[in-house]
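> Next come a sequence and a model predicted from it.
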Amino acid sequence: MEIKIVKTTSPKEKPQADKLGFGKYFTDHMFVMDYTEGKGWHDARIVPYAPLSMDPSCMVLHYGQTVFEGMKAYRSADGGALLFRPMNNMKRINLSNERLCIPPIDEEFGVEAVKKLVEVDKDWIPDGEGTSLYIRPFIFATECALGVHPSHTYQFIIIMSPVGAYYPEGLNPVKIYVEDEYVRAVRGGMGFAKTAGNYAASIKAQEVAGKKGYTQVLWLDGVERKYIEEVGTMNVFFKMDGEIITPALNGSILGGITRDSSIQILRSWGMKVTERKLGIQEVYDAHAAGKLEEVFGTGTAAVISPVGELNWDGNIITINDGKIGEISGKLYDTITGIQSGKLEDTFGFTVKVS
Ligand code: COI
């Protein structure tokens, strides 16, 4: 399918690299494509970034039939742009689509659309340390109807935002509250899908934890509230007695692309990485025995975020003296080095935009 391009006649002023924050500024253009039952996906176009006009009965506003992705473009040393495993995002959006009864997109065309949009707005890729261009593809139900059923029409949009660190702490360790009242997802639910409802379910707990001085919550399983699932916007890893352990993907955990990349990199360093069920009590026992060496989160937005403190039901433990762990620091440097082209990509993770 051809992508029609209409360029803006009034480009916006770009924000200062040291004031970016996360997701506050948006580039000059966006990609849009429509879906109509019987016709499929059609009318792919890159147009000036602008508000959408929506009917108040638009189904996504009522029943949340929508999915999204998060990915990043980096400026490489030669002035070009690099994407990080973009095909994985397109495969995952189709996994989410399947769960939400949204028609699949052509994965290769999805990557093509991202490349074209990044090419059009390449001047928006920031080049300061720790900055990147965050890319947000999303699909939502557009039919005007109040009956609960899959929509017959959808829109696929990609917007982009120059960003700095996701957490104000940057790479400094964050404090995490172990959530034992609210749950994010249950098996058989939508936990593995990147869909708005999972994030809506997380806001209340995040608010409560925030008021107590915590950056994020650590989610436990929705049935027994014993087993670790993920942290707010990240997957989570524990280094205990020399071994790295991360919860196995069980249907209620998001299959993070940074999670998978971290596992591959850690194993290439000869480290033992195990994906399995991990109880919160086991983590506390390891700490009591002096065997909990590091905890860190992995995610596209946050990359690697060391965890310095856990609070489970008032029992507070400090990890690695609240300092950035050796593995967390090395993993952050390696992933961001590969993403920006500063380190050789022996894994074949990066894709050139042009
Ligand atoms: C990402 O890491 O890309 C995410 O989707 C997290 C987000 C909700 C900020």
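Now that the structure is in, tell me what you want to look at.
> close to the ligand, is the helix or strand hosting residue 235?
Remark: residue 235 resides in strand 235-240, with elements defined by DSSP states H and E. No - Strand 235-240 stays out of contact with the ligand when judged by C-beta under 6 Å from any ligand atom, the minimum separation being 9.8 Å. Yep, even glycine has a C-beta here, placed from its N, CA and C like the rest.
> Partner strands of that strand, with direction?
The strands that strand 235-240 pairs with in its sheet are strand 243-247 (antiparallel), strand 292-299 (antiparallel) (by DSSP bridges).
> how about these in TSV, adding distance to residue 169, mean pLDDT and mean neighbour count?
Listed next are the strands paired with strand 235-240 as TSV, based on distance: least, C-beta to C-beta, whole Å; pLDDT from 0 to 100; neighbours: other C-beta atoms under 10 Å:
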stretch	distance to residue 169	mean pLDDT	mean neighbour count
strand 243-247	21	98	21
strand 292-299	11	96	25
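> Quick one: closest of the ones you listed to the ligand.
strand 292-299 (3.9 Å; C-beta to the nearest ligand atom).
> for the next helix-or-strand element following that closest one, packing partners?
Beyond strand 292-299 on the C-terminal side, the first helix or strand identified by DSSP H and E is strand 303-312. For strand 303-312, the helices and strands in contact under the criterion 3 or more C-beta pairs under 8 Å, 6 or more residues apart in numbering; DSSP states H and E are strand 174-179, helix 257-268, helix 280-288, strand 292-299, strand 315-318, helix 326-339.
> looking at the ones you listed, which is closest to residue 29?
helix 326-339 (22.6 Å; C-beta to C-beta).
> Buried ones in that closest one, by neighbour count?
For helix 326-339, the neighbour count (16 or more other C-beta atoms under 10 Å) marks 327-329, 331-332, 334-336, 338-339 as buried.
> which residue packs closest to the closest residue to the ligand within the stretch 1-150 of the chain, ignoring adjacent ones?
Relative to the ligand, the nearest point of the stretch 1-150 of the chain is residue 70 (2.1 Å; C-beta to the nearest ligand atom). Spatial nearest neighbour of residue 70, excluding adjacent residues (C-beta to C-beta, 6 or more residues apart in numbering): residue 300 at 4.3 Å.
> pretty sure the one you found is touching residue 257, no?
Yes - contact criterion C-beta atoms under 8 Å: residue 300 and residue 257 qualify, at 6.5 Å.
> Name the residues contacting each of these two.
residue 71 (C-beta atoms under 8 Å, 6 or more residues apart in numbering).
> The strands paired with strand 235-240: which one's closest to residue 283?
With C-beta to C-beta, the closest approach to residue 283 among the strands paired with strand 235-240 belongs to strand 292-299: 6.3 Å.
> Send me that closest one as CSV with only the CA atoms.
C-alpha atoms of strand 292-299 as CSV (Å, rounded to 0.1, in the frame of the first residue of the first chain):
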residue,chain,number,x,y,z
LEU,A,292,19.4,-10.5,47.1
GLU,A,293,22.0,-8.7,45.1
GLU,A,294,20.1,-6.6,42.6
VAL,A,295,16.6,-5.8,41.4
PHE,A,296,15.9,-3.9,38.2
GLY,A,297,13.0,-3.2,35.8
THR,A,298,13.2,-3.3,32.0
GLY,A,299,10.9,-1.5,29.6
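> Tabulate the strands paired with strand 235-240 (TSV), appending distance to residue 55.
TSV is the format used below for these (distance: least, C-beta to C-beta, whole Å):
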stretch	distance to residue 55
strand 243-247	41
strand 292-299	34
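> which one of the ones you listed lies closest to residue 11?
strand 292-299 (30.7 Å).
> check contacts around the residue of the stretch 101-250 of the chain found nearest the ligand.
Using C-beta to the nearest ligand atom, the point where the stretch 101-250 of the chain gets nearest to the ligand is residue 233, with a distance of 3.8 Å. Taking C-beta under 8 Å, 6+ apart as the definition of contact, the neighbours of residue 233 are 166, 216, 299, 301-302.
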